[in-house]
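Student: quick one: sequence plus predicted model below, questions after.
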Amino acid sequence: MAAACVRRLGKVGKFVLDTPACRAVNCHAVVPRITLNGSRRAYGTGTEGFRSRPLKNFTTQLRSARVMGCAFLLGGGLGLYQTLKLTFQRHLAEEETKSSGSSGEVKLTLYQYKTCPFCSKVRAFLDFHSLPYEIVEVNPVMRKEIKWSSYRKVPILMVNDFHSLPSSTHQQLNDSSVIISTLKTFLISRERTIPQILECYPEMRSKNDSGKEVVEFNNKYWVMVTGTDEEKLYPEKGSRKEEMKWRKWADDWLVHLISPNVYRTPTEALASFDYIVREGKFGTFEGFFAKYVGAGAMWLISKRLKNRHNLQNDVRQDLYKAVNDWVAAVGKHRKFMGGEEPNLADLAVFGVLRVMDGLQAFDDMMENTKIKPWYRRMEKATHHKEQQ
């Protein structure tokens, strides 16, 4: 409607200025030259005393017509400018909505420790699928950022699904593998809401040998798709079982090799905690305490972890073997375990290994195993967002 009004104003202004009178360059072209007998002086341009009243009225009307035409054109131009401005602003708003959380459908907030391998797994998944998310870095000492949660571990992902939940209601997702399986199911089966999918991963509570309560989640490596969706996601026979096997391997074995390797010696432990303090959310005193006291403590704890998981004296050898086992499972004829694109096992292994980047253990791994080509392809697939 606004555009139609602008066009009409423009037409009116153009019609007025296209009249014969308004096309004149100046009044001399339209004012008759009235002369007195015996004189060649043109009194039409003389003093007012010699100008006839009809001529004076005609000149006044001419000027009014030109002013009115200019006013119409000016008004039309301003209206057109405002119309274009509003249209452009509306277009930008629509584009911003499309780019935020699956066309404005889902908003994601990740509570994490930057150097946590389980948090890194979730970030790798979100980055690969280009899902926008906000990060809340949790202080690992006080953990006040998650004091509202009865679940006291990270990662925690808060999901606001605008299609299924009120805008003021958020769904909490716990456990890295549950988070990944739930979101993958949601991306494929959009007819189900996040709460409906989450019911497929029931929480189970039990106590370990030391009497401490342990929370586990059933079916957490299973993406809840069937029929056509299953065939599309897992086109190769056995690919679903293979993905689940190696996702579980990343959680149950690979992740336990990280701490013994990054805290292998006092020097490596200090370098690791320097990185942790630099990347994490620590106060000045907390950072100093964590760097020096924490490094010493983790060096001692790494010795216990080595015994608990039956690792060799040189824990690097266990890391090298695990990484080469993964490369062998991917094979020589596939870019990723998922084929041309990473699957959930690729993203899990990459997320775990990525937390060592910048440390001596990572450099040794890249130099002494066959992981580098696959790892570089994974960096490219996840768009290097970890570095941004």
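Tutor: Cool, got the structure.
Student: going forward, measure contacts between C-alpha atoms and count neighbours the same way
Tutor: Fine.
Student: which residues sit against the host helix or strand of residue 361?
Tutor: Assigned by DSSP states H and E, residue 361 falls within helix 360-368. Helix 360-368 is contacted by residues 261, 262, 268, 316, 319, 320, 353, 356, 357, 371, 372 when judged by C-alpha atoms under 8 Å, 6 or more residues apart in numbering.
Student: in JSON lines: these, plus neighbour count.
Tutor: Listed next are those as JSON lines, based on neighbours: other C-alpha atoms under 10 Å:
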{"residue": "261", "neighbour count": "25"}
{"residue": "262", "neighbour count": "27"}
{"residue": "268", "neighbour count": "18"}
{"residue": "316", "neighbour count": "21"}
{"residue": "319", "neighbour count": "22"}
{"residue": "320", "neighbour count": "19"}
{"residue": "353", "neighbour count": "22"}
{"residue": "356", "neighbour count": "21"}
{"residue": "357", "neighbour count": "12"}
{"residue": "371", "neighbour count": "18"}
{"residue": "372", "neighbour count": "14"}
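Student: closest one of those residues to residue 199?
Tutor: Proximity of the contacts of helix 360-368 to residue 199 was ranked by C-alpha to C-alpha; the top entry is residue 353 with 30.5 Å.
Student: on that earlier part again, tabulate the contacts of helix 360-368 (TSV), appending distance to residue 277 and pLDDT.
Tutor: Output for those, formatted as TSV (distance: C-alpha to C-alpha, whole Å; pLDDT from 0 to 100):
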residue	distance to residue 277	pLDDT
261	18	97
262	15	95
268	14	93
316	24	97
319	24	98
320	27	98
353	19	98
356	14	96
357	15	95
371	28	98
372	27	98
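Student: I'd like to know which of the residues you listed are part of helices.
Tutor: Mapping the contacts of helix 360-368 onto helices (DSSP state H) picks out 261, 262, 268, 316, 319, 320, 353, 372.
Student: for these, which one is nearest residue 149?
Tutor: The closest of the ones in helices among the contacts of helix 360-368 to residue 149 turns out to be residue 353 (C-alpha to C-alpha; 28.2 Å).
Student: if we can go back for a sec, distance to residue 157 added to the contacts of helix 360-368, as JSON lines?
Tutor: As requested, the contacts of helix 360-368 are exported to JSON lines (distance: C-alpha to C-alpha, whole Å):
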{"residue": "261", "distance to residue 157": "28"}
{"residue": "262", "distance to residue 157": "27"}
{"residue": "268", "distance to residue 157": "31"}
{"residue": "316", "distance to residue 157": "33"}
{"residue": "319", "distance to residue 157": "29"}
{"residue": "320", "distance to residue 157": "32"}
{"residue": "353", "distance to residue 157": "21"}
{"residue": "356", "distance to residue 157": "23"}
{"residue": "357", "distance to residue 157": "24"}
{"residue": "371", "distance to residue 157": "30"}
{"residue": "372", "distance to residue 157": "30"}
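Student: could you tell me whether residue 288 really is in a helix?
Tutor: Yes. Counting by DSSP: H, G, I helix; E, B strand; the rest coil, residue 288 is part of a helix.
Student: and the gap between it and residue 277?
Tutor: 8 Å (C-alpha to C-alpha, to the nearest Å).
Student: more neighbours: these two, which one.
Tutor: residue 277 (19 against 15; other C-alpha atoms under 10 Å).
Student: excluding its backbone neighbours, what's nearest that one?
Tutor: residue 287 (5.6 Å; C-alpha to C-alpha, 6 or more residues apart in numbering).
Student: which pLDDT does the model give that neighbour?
Tutor: For residue 287, the pLDDT comes out at 77.
Student: that one: how many residues sit nearby?
Tutor: Neighbour tally, residue 287, other C-alpha under 10 Å: 19.
Student: where does the stretch 101-250 of the chain dip in pLDDT?
Tutor: Scanning the stretch 101-250 of the chain for pLDDT under 70 picks out 101-105, 161-169.
Student: the same query, at a cut-off of 50, please.
Tutor: Scanning the stretch 101-250 of the chain with the threshold set as pLDDT under 50 gives 101-104, 165-168.
Student: where do the strands sit along it?
Tutor: Ranges of strands within the stretch 101-250 of the chain are 106-112, 134-137, 156-161, 171-174, 203-207, 213-217, based on DSSP state E, counting those that start in this stretch.
Student: export the ones you listed as JSON lines, with columns for mean neighbour count.
Tutor: Converted to JSON lines, those look like this (neighbours: other C-alpha under 10 Å):
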{"stretch": "strand 106-112", "mean neighbour count": "20"}
{"stretch": "strand 134-137", "mean neighbour count": "15"}
{"stretch": "strand 156-161", "mean neighbour count": "22"}
{"stretch": "strand 171-174", "mean neighbour count": "18"}
{"stretch": "strand 203-207", "mean neighbour count": "11"}
{"stretch": "strand 213-217", "mean neighbour count": "13"}
